[in-house]
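Peer 1: what would the 3D arrangement of this be:
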Amino acid sequence: ALPIYDRYYEGRKVWSNITQITRRLVTCVWIGVPEHGSELEGEKRSMIDCIVAYPVAVKHYLREEYSYDYDDLRALLAGLKPFRAKFPHAAGGKQKSPKCAVGRGATGDWKKNIRRATRSFSSIFENEAKHGNIPVELAHCIAAYIQSLLDRKLCDMSNVGTMNLLLTRLLDELGSLERILRTPLPLAYSVHLSQAVWLHLIIMPIQLVDDMAWWTIAAIAFTSFTLLGLLQISAEIENPFGYDRNDLPLDHYCDVLVKEVRRVMKKELRTYEDLFDTPKPKAEGDALGKLTERDRKSTRLNSSHITI
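Peer 2: Numbers count the residues shown, from 1 in each chain. Model prediction:
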């Protein structure tokens with residue numbers, strides 16, 4: 001079960017990286033991109049929603065939900081023109097998220113589990129080829145917005161470079177999650193593990209009955225509970241991105257991220273005057289401009305002595 005838990009732990013670590021990178025990218029846009037009118041402000045808010053929609057789209061992508069028409073995605077992408085036509089349920093009912101097929105429904109029959117896993121993992125590639133990769137499409141929209149900031153000279157090169165770097169890291173983390181999702185345990189490993197557990201439980205009573213008599217029943221019950229429990233846990237958390245109770249709570253992670261970004265966007269703390277009561281410090285040139293003529297002569301005299 002140790003390799004299975006490594007997948008679970010790695011999935012949590014990668015998702016934490018996505019959350020941190022998303023926060024940094026939102027900060028770069030919210031603070032670093034100036035506003036020169038209501039249109040630009042609306043544009044910036046819509047793009048921040050698109051950035052926050054990236055983790056939400058990754059969540060659906062990992063669950064084989066290849067559609068824009070989900071409540072959480074629709075609320076974030078409604079302000080962007082390319083995505084409005086992709087909401088067929090916008091006028092009517094709500095589309096519920098289907099249950100994830102990969103890693104669900106594990107039973108005690110290892111042959112059925114293997115056949116189910118084989119069908120599930122092969123269906124990922126078929127569905128993606130049919131419906132596309134929504135997180136990558138959102139990344140292209142974010143990249144186009146960053147390039148437009150540079151073309152319109154609305155942002156300096158350092159901030160543009162930082163945003164491009166953060167966007168690249170988001171795509172890298174998506175690749176890490178795909179590696180976890182699309183790399184099931186080897187067939188020989190799963191078969192051998194299941195057979196070894198059952199063989200041990202069958203042989204163990206023969207070895208203990210002479211020494212433990214009726215206590216053999218209790219010993220076998222406890223051992224079976226432990227080993228079969230580990231076997232079931234390993235089958236359940238092989239894919240940690242689904243809807244099972246023991247899977248990662250991706251819905252909670254996304255909800256917390258969206259709420260905290262929305263809370264920040266309600267506050268107008270983006271300039272020096274918004275943060276401090278003291279007046280903004282003057283630039284060095286402005287301070288020298290207010291020097292008296294006597295101070296200027298003294299400054300020139302001192303500089304001439306230093307030159308000599």
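
Peer 1: tell me who's in contact with residue 170.
Peer 2: The contact partners of residue 170, by C-beta atoms under 8 Å, 6 or more residues apart in numbering, come to 18, 21-22, 25, 54, 139. Using the backbone N, CA and C atoms, a C-beta is placed for each residue, glycine as well.

Peer 1: quick one: residue 40 from residue 183, how far?
Peer 2: Distance, residue 40 to residue 183, by C-beta to C-beta, to the nearest Å: 44 Å.

Peer 1: which one of the two has more residues nearby?
Peer 2: Counted by other C-beta atoms under 10 Å, residue 40 and residue 183 do not tie: residue 40 has more neighbours, with 14 against 10.

Peer 1: give me the element that one is part of.
Peer 2: Assigned by DSSP states H and E, residue 40 belongs to helix 38-62.

Peer 1: same deal with residue 223?
Peer 2: Assessed by DSSP H and E, residue 223 sits inside helix 215-236.

Peer 1: repeat that for residue 203.
Peer 2: Counting by DSSP H and E, the element that carries residue 203 is helix 187-212.

Peer 1: can you name every helix or strand that that helix contacts?
Peer 2: helix 110-131, helix 215-236 (3 or more C-beta pairs under 8 Å, 6 or more residues apart in numbering; DSSP states H and E).

Peer 1: by mean pLDDT, show me the worst of those helices.
Peer 2: Ranked by mean pLDDT, the helices and strands packed on helix 187-212 bottom out at helix 110-131, with a mean of 48.

Peer 1: tell me the angle the next helix or strand after that helix makes with helix 38-62.
Peer 2: Once the chain leaves helix 110-131, the next helix or strand it forms, by DSSP H and E, is helix 134-151. Here helix 134-151 runs at an angle of 150 degrees relative to helix 38-62 (axes from the mean of the first three to the mean of the last three C-alpha atoms, to 10 degrees).

Peer 1: for the record, mean pLDDT for the helix or strand following helix 134-151?
Peer 2: Per DSSP H and E, the first helix or strand lying C-terminal to helix 134-151 is helix 157-181. For helix 157-181, mean pLDDT is 93.

Peer 1: what comes up buried for helix 157-181?
Peer 2: Going by neighbour count (16 or more other C-beta atoms under 10 Å), the buried part of helix 157-181 is 159-160, 162-164, 166-167, 169-170, 173-174, 176-178, 180-181.

Peer 1: likewise stretch 68-80?
Peer 2: 68, 70, 72-74, 76-77, 79-80.

Peer 1: average pLDDT across the helix holding residue 40?
Peer 2: Across helix 38-62, the average pLDDT comes to 89.

Peer 1: tell me the angle it makes with helix 157-181.
Peer 2: If you take the same axes, to 10 degrees, helix 38-62 sits at 20 degrees to helix 157-181.

Peer 1: for helix 38-62, buried residues please.
Peer 2: Of all the residues in helix 38-62, those buried under the rule 16+ other C-beta under 10 Å are 43-62.

Peer 1: and the helix or strand following that helix, what does it pack against?
Peer 2: Once the chain leaves helix 38-62, the next helix or strand it forms, by DSSP H and E, is helix 71-77. Identification of packing neighbours for helix 71-77 by 3+ C-beta pairs under 8 Å, 6+ apart yields helix 38-62, helix 250-265.

Peer 1: can you do 10 Å?
Peer 2: Here helix 71-77 touches helix 38-62, helix 81-84, helix 134-151, helix 250-265, going by 3 or more C-beta pairs under 10 Å, 6 or more residues apart in numbering; DSSP states H and E.

Peer 1: nearest to residue 7, out of the ones you listed?
Peer 2: Proximity to residue 7 (C-beta to C-beta) singles out helix 38-62 among the helices and strands packed on helix 71-77, at 12.5 Å.

Peer 1: the closest one vs helix 250-265, what angle?
Peer 2: 170 degrees.

Peer 1: and which of the contacts of residue 170 is nearest to residue 208?
Peer 2: The closest of the contacts of residue 170, once distances to residue 208 are taken by C-beta to C-beta, is residue 18, at 49.8 Å.

Peer 1: list the contacts of the closest one.
Peer 2: The contact partners of residue 18, by C-beta atoms under 10 Å, 6 or more residues apart in numbering, come to 54-55, 58-59, 135, 169-170, 172-174, 176-177, 253, 257.
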